[in-house]
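# Curious how this folds, go ahead:
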Amino acid sequence: MIGLRYIPFCFGMLLSASVTAQQPTFQHWSSHRTGASFIGLNASGVAASSDFGNAFVKDFLSADHIDSAAIASGLKHLDPFANRIGGDYDVALMAKLNVAHSAHSILFRLADVAHLHGSVPLASAQLLLIGNKPFLGDTVVASEMEASLWRYQQVGMGWQYEPSPGTSYFVMASYINGEQYLDAKVDRLWLYTSTLGDTLSAGLNGGYAQSDTGSVGFAKPNGYGAALDFGFARDFKSEVGGWRLKAAVYNLGMVQWNPKTVHFAADTNLEWTGVKINDVTKVDEQFSGGTLEDSLGQSLTKLYHKGYTNEVIPGWAHAELMRYRNQGAEFGGGMAIRWKAGYKPYGYLVGGYRFNDHIAMHGTAGYGGYAALQIGVQASFEYEHLALAARITNLETLVVPTQYAGGGASLSLRYML
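Coordinates of the predicted model:
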């Protein structure tokens, strides 16, 4: 199938690169010093699933051959209806430049972004990994499969207003270069295999779209679009600390993919009855001159076409409320929702300790997204011109690698001007 070869590559990229958690990272434009300009780097990404396990995903990506025992172990935890896996990758150069030491700032962001998600029901996974041999003489129903891949670059410019210490509002508009896109969905699929395996009958309702297959590589211009980010942060202070409320919407936008985008849409029943051989002693003569034809393949080929497609970008909304102090215990929580991402609403709690004005450490526990319970740790350091924050998440995959897949990390580095 066109496009499926990219999926293992993307899973590998997300699992091995510097990667963030199911808890999205705020693209903070406010700093620990109100009004301070800065330049910085954010690097983050994620891969997570509570349906597939790290042990199975590792074998799938790296092993030349997966034995039947490993396949059986990987399949035994799968749900009959939906098994989610997904991830994100984001590396961005950021800058905030104060306008003549006023309450206004100009914002810049240059980023490379990737998103991947999919859901595979148990019957679909069995067909993909084992084939149809176990279903001889039977009909298998494998519906509600989906997979989506995005890779694009963003160039953004925005504005921030900080009317008072601890209060800020921002908005940013971005141009998007669409590098790669794949979206596949099977609403309904049934497959009958005869006892002898000489006849296949199938019903298919679904389709996919994929960006120009002849133009692959970093920053290839296969589509263009725009997106909008906006949000605010507000501190409610006291003598020993206070509360900080943050909320933002990211990637509210769309990309138009160029006319070389491949489309496939099907709502049909297909049948392949094998090959009839009249004389086994003259096989070459019977199949000479292209006589041998695959009717099933020809039927599918007729369903392809190329043309423009407009797609909403996977984006998200995120809100968080935190109790912070100059020194002592801190706690809070938040929630994130995403669209076009196959992502369940994600809620999380944060608790930790601030040692002084410069150093703090916290633990996180969340539920939702592409997995179930997810655990992580994070730390921050701020001193004069330097601000550093790091996070490691999805630690549950280290404890139960047969049940959970993925891993997460993020790094933010800033230099205050």
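# What is the three-state secondary structure of residue 126?
Three-state call for residue 126 (DSSP: H, G, I helix; E, B strand; the rest coil): helix.
# Could you check how far it is from residue 191?
According to CB to CB, to the nearest Å, residue 126 and residue 191 sit 11 Å apart. Glycine gets a C-beta too; all of them are placed from N, C-alpha and C.
# hey, what's in contact with both of these two?
140, 142 (CB atoms under 8 Å, 6 or more residues apart in numbering).
# hey, where'd the strands end up in the stretch 51-200 of the chain?
Using DSSP state E, counting those that start in this stretch, the strands of the stretch 51-200 of the chain run over residues 84-98, 104-119, 138-141, 145-164, 167-193, 200-210.
# of the ones you listed, which approaches residue 332 most closely?
strand 167-193 (17.9 Å; CB to CB).
# tell me the mean pLDDT over the closest one?
Mean per-residue pLDDT for strand 167-193: 92.
# which parts of that strand are buried?
167-170, 172, 174, 176-184, 186, 189-193 (16 or more other CB atoms under 10 Å).
# which residues of the stretch 301-417 of the chain score low on pLDDT?
301-302 (pLDDT under 70).
# CA-only coordinates of stretch 233-242 in PDB, if you can.
Output in PDB follows, covering the C-alpha atoms of stretch 233-242 (Å, rounded to 0.1, in the frame of the first residue of the first chain):
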ATOM      1  CA  ALA A 233      -0.700  34.000  31.500                       C
ATOM      2  CA  ARG A 234      -1.800  35.600  34.800                       C
ATOM      3  CA  ASP A 235      -0.300  35.500  38.200                       C
ATOM      4  CA  PHE A 236      -2.300  36.000  41.400                       C
ATOM      5  CA  LYS A 237       0.500  36.800  44.000                       C
ATOM      6  CA  SER A 238       0.900  36.800  47.700                       C
ATOM      7  CA  GLU A 239       3.800  37.400  50.000                       C
ATOM      8  CA  VAL A 240       4.900  33.800  49.900                       C
ATOM      9  CA  GLY A 241       3.900  33.000  46.300                       C
ATOM     10  CA  GLY A 242       0.600  32.700  44.500                       C
END
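# rewinding a little: output the strands of the stretch 51-200 of the chain in JSON lines; the columns should cover distance to residue 232.
Converted to JSON lines, the strands of the stretch 51-200 of the chain look like this (distance: least, CB to CB, whole Å):
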{"stretch": "strand 84-98", "distance to residue 232": "15"}
{"stretch": "strand 104-119", "distance to residue 232": "14"}
{"stretch": "strand 138-141", "distance to residue 232": "48"}
{"stretch": "strand 145-164", "distance to residue 232": "9"}
{"stretch": "strand 167-193", "distance to residue 232": "5"}
{"stretch": "strand 200-210", "distance to residue 232": "36"}
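# Out of these, name the one with the poorest average pLDDT.
Looking at these, the lowest mean pLDDT belongs to strand 138-141 (a mean of 83).
# quick one: contacts of that one?
Strand 138-141 has contacts (CB under 8 Å, 6+ apart) with 123, 126-127, 132, 189-193.
# in its sheet, what does that strand sit against?
Strand 138-141 sits in its sheet next to strand 167-193 (antiparallel), going by DSSP bridges.
# Would you pull up how far the partner strand lies from the middle of the chain?
9 Å (CA atoms, centre = their mean, to the nearest Å).
# Tell me how far residue 334 lies from residue 366.
Separation of residue 334 from residue 366 (CB to CB) stands at 9 Å.
# Neighbour count for these two, which is higher?
Taking other CB atoms under 10 Å, residue 334 and residue 366 do not tie; residue 366 has more neighbours (25 against 22).
# State the three-state secondary structure for that one.
Recorded secondary structure, residue 366: strand (three-state DSSP).
# May I have the beta-bridge partners of it?
On the basis of DSSP bridges, residue 366 is bridged to residue 348, residue 374.
# what about the helices in the stretch 201-350 of the chain?
Secondary structure of the stretch 201-350 of the chain by DSSP state H, counting those that start in this stretch: the helices cover 283-286, 295-301.
# quick one, what contacts the nearest residue to residue 80 once chain neighbours are set aside?
Counting by CB to CB, 6 or more residues apart in numbering, residue 80 lies nearest to residue 122, which is 4.8 Å off, once chain neighbours are set aside. With CB under 8 Å, 6+ apart as the criterion, the residues that contact residue 122 are 75, 78-81, 83.
# List the buried residues of stretch 140-149.
140, 142-149.
# Out of those, the closest to residue 410 would be?
Distances from residue 410 to these, taken by CB to CB, are shortest for residue 149, at 21.1 Å.
# Was I right to think that closest one contacts residue 180?
Yes: between residue 149 and residue 180 there is a contact at 6.7 Å, judged by CB atoms under 8 Å.
# what's the neighbour count on residue 59?
17.
# my read: it touches residue 70, true?
Yes: Residue 59 lies in contact with residue 70 (CB under 8 Å); the separation is 5.2 Å.
# what are the phi and psi angles of residue 401?
Phi and psi for residue 401, reported as degrees, to the nearest 10, are phi -70, psi -20.
# List the contacts of it.
53-55.
# what about it, distance to residue 90?
Distance of residue 401 to residue 90, computed by CB to CB: 25 Å.
# Same question for residue 372.
Here the criterion is CB to CB. By it, residue 372 lies 24 Å from residue 90.
# got it, and residue 392?
Distance, residue 392 to residue 90, by CB to CB: 16 Å.
# what's the answer for residue 169, then?
Distance from residue 169 to residue 90, by CB to CB: 23 Å.
# quick one on the thing from earlier: out of the contacts of residue 401, who's nearest residue 153?
Distances from residue 153 to those, taken by CB to CB, are shortest for residue 54, at 29.9 Å.
# Correct me if wrong: the closest one contacts residue 395.
No: Residue 54 is not in contact with residue 395 according to CB under 8 Å; the separation is 11.8 Å.
# before we move on, back to that, any idea of the pLDDT on the residue nearest to residue 80?
Predicted confidence (pLDDT) for residue 122: 84.
# so who does residue 352 touch?
Neighbouring residues of residue 352 by CB under 8 Å, 6+ apart: 329-331, 360-363, 378.
# can you rerun that using 7 Å?
Taking CB atoms under 7 Å, 6 or more residues apart in numbering, we find residue 352 in contact with 330, 360-363.
# Just those residues: which are in helices?
Assigned to helices by DSSP state H, none of those qualify.
# tell me the pLDDT at the closest residue to residue 130 other than its chain neighbours?
Nearest residue to residue 130, sequence neighbours excluded (CB to CB, 6+ apart): residue 71, at 6.6 Å. With respect to pLDDT, residue 71 has a value of 76.
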